[in-house]
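What follows is a predicted structure for the sequence shown.
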Amino acid sequence: MYWMYEMAHASLNPARAVTDATKILFQNPLNPWTHTEMGKSIAAACELFERTTRRYGKPEWGLDETEVNGVRTPVEVRSIWEKPFARLLYFDRKLTRPLRSPQPRLLIVAPMSGHYATLLRGTVEAFLPTHEVYITDWADARMVPLAEGRFDLDDYIDYVIEMLRFLGTNMHVMAVCQPAVPVLAAVSVMEAERDPFAPISMTLMGGPIDTRRNPTGVNNLAQERGIDWFRNHVITKVPFPHPGVMRDVYPGFLQLNGFISMNLDRHVDAHKALFANLVKGDGDQVDKHRDFYDEYLAVMDLAAEYYLQTVETVFIRHALPKGEMTHRGTLVDPSKVTRVALMTVEGEKDDISGLGQTEATHGLCSSIPDHRRVHYVQPGVGHYGVFNGSRFKSEIVPRICDFMLSAADPKSLLAIAAE
């Protein structure tokens, strides 16, 4: 399957070259056809063809500065820890003067579910003014040589634990969507071992902790198909000349097909609007479309063993809420979590992780005192609104910030404005 995809993509290169040359011709101001309706339509059609046949690379972060205490501050993104399947990125704020008091340190665990960590650009941007921010940058499995070995859900949990230990004490951890399960497992393992590097707080946002609650279309698909269907229909080998040649993966182009098919009409309408806006010369709308789809269409391959283990453990067996999930042969017991404060965030209209699936964490973490736990449902937002957008910045972020500050103060009762 993957080899056929590569051949099809390569076969389009001549057509893409001709289309690109035609677009340049009909955008040249010296060409009289450029200023006609037909010329603009041809140029717009060429751009649409180019964008729909392009392979989108890993996006840049584009977070060059932020505002800290009212002062515009440069930001440098750099890797501070690295293993074959992930890097740990630090958003280093180049402060011109020291802060009066240290700001909370936050590790954001990005989803390893097809898109790059840059999907959380808005999440990082929202916390940069008030936090020292770190984020997991998961590797594209097709770029990891087979000699580097396997990567599964147990390895994911190990990576999270290693990152927390590397960062040291006084850390907060936040999991966005899919990593809610491995992050909860990692914290449970650390707490069971009384690890001194366990985080101060854990924030889980729109995660599939218990997918038996309000199951969505995604959850039902996993139940109906079973793990053998996924193993036989979506797993293939990386072709030459990628570094990960012959590695078993769930390829990005199949994931993207699934993402788009869920809302096909919306994507078709968006591209029709792009064509119309290109002809009209509406630069603002065109730029918004380009920015969104440059991110949305950039996907990466997932290691097959990680993908299959996650589907089976989380969506088919429901191992964590049933008390059956293990890590390296040891039972994962969230009731061992006692020192880590817990906040869960859900979107009222989430169609990926149904309402109540993340809240289930509170029942599992039964040993956390009531005054160190918070649950918040954001009205009127879907899955992506839980970690991005205007309501996230204005209503969710302030609550999370208050929660983290309160969690770091053992005398403080977490009476956060979740009402």
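Nice, thanks for sending it over.

Can I get the helix or strand of the chain with the lowest mean pLDDT in CSV? Just the C-alpha atoms.
Every helix and strand in the chain was compared by mean pLDDT, DSSP states H and E; the lowest is helix 252-262, with a mean of 80. The C-alpha trace of helix 252-262 is given here as CSV (Å, rounded to 0.1, in the frame of the first residue of the first chain):
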residue,chain,number,x,y,z
GLY,A,252,0.2,9.3,7.9
PHE,A,253,-1.6,9.4,4.6
LEU,A,254,-4.1,6.7,5.8
GLN,A,255,-4.7,8.7,9.0
LEU,A,256,-5.2,11.9,7.0
ASN,A,257,-7.8,10.0,4.9
GLY,A,258,-9.6,9.2,8.1
PHE,A,259,-9.5,12.7,9.4
ILE,A,260,-10.9,14.2,6.2
SER,A,261,-13.6,11.6,5.6
MET,A,262,-15.1,12.4,9.0
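
Quick one: residues in contact with that helix.
With contact meaning CB atoms under 8 Å, 6 or more residues apart in numbering, helix 252-262 is reached by 1, 5, 113-114, 140, 217, 234, 267, 296-297, 299-302. Just so you know, the C-beta spots here come from the backbone N, C-alpha and C atoms, and that holds for glycine as well.

show me where the stretch 1-150 of the chain has helices.
Ranges of helices in the stretch 1-150 of the chain, per DSSP state H, counting those that start in this stretch, are 2-11, 13-25, 37-53, 121-127.

hey, which of those helices is tucked in deepest?
Highest mean neighbour count among the helices of the stretch 1-150 of the chain (mean count of other CB atoms under 10 Å): helix 121-127, with a mean of 21.

Which elements pack onto it?
Secondary-structure packing of helix 121-127 (3 or more CB pairs under 8 Å, 6 or more residues apart in numbering; DSSP states H and E): strand 105-109, strand 132-138, helix 397-407.

And the longest one, how far out from the chain middle?
Spelled out, it's helix 397-407. A distance of 21 Å separates the centroid of the chain from that of helix 397-407, by CA atoms, centre = their mean, to the nearest Å.

what angle do that helix and strand 105-109 make?
Here the directions of helix 397-407 and strand 105-109 differ by 120 degrees (axes from the mean of the first three to the mean of the last three CA atoms, to 10 degrees).

Got the domain ranges for this protein?
Here the domain parsing of the chain from the TED database is 1-53, 65-418.

got JSON lines for those domains, with distance to residue 59 too?
Below are the domains of the chain laid out as JSON lines (distance: least, CB to CB, whole Å):
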{"stretch": "domain 1-53", "distance to residue 59": "14"}
{"stretch": "domain 65-418", "distance to residue 59": "4"}
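
all strands of the stretch 201-350 of the chain, in order?
Remark: strands assigned in the stretch 201-350 of the chain by DSSP state E, counting those that start in this stretch are 201-205, 236-237, 248-250, 302-303, 326-327, 330-331, 341-347.

just to revisit the earlier point, how big is the angle separating the least confident helix or strand of the chain from helix 2-11?
If you take the same axes, to 10 degrees, helix 252-262 sits at 80 degrees to helix 2-11.

how about stretch 338-353: buried residues?
339-347, 350, 352-353 (16 or more other CB atoms under 10 Å).

same check, this time on stretch 264-276
For stretch 264-276, the neighbour count (16+ other CB under 10 Å) marks 267, 274 as buried.

ok, and what's touching it?
Taking CB under 8 Å, 6+ apart as the rule, stretch 264-276 contacts 44-45, 47-48, 51-52, 260, 285-286, 289, 293.
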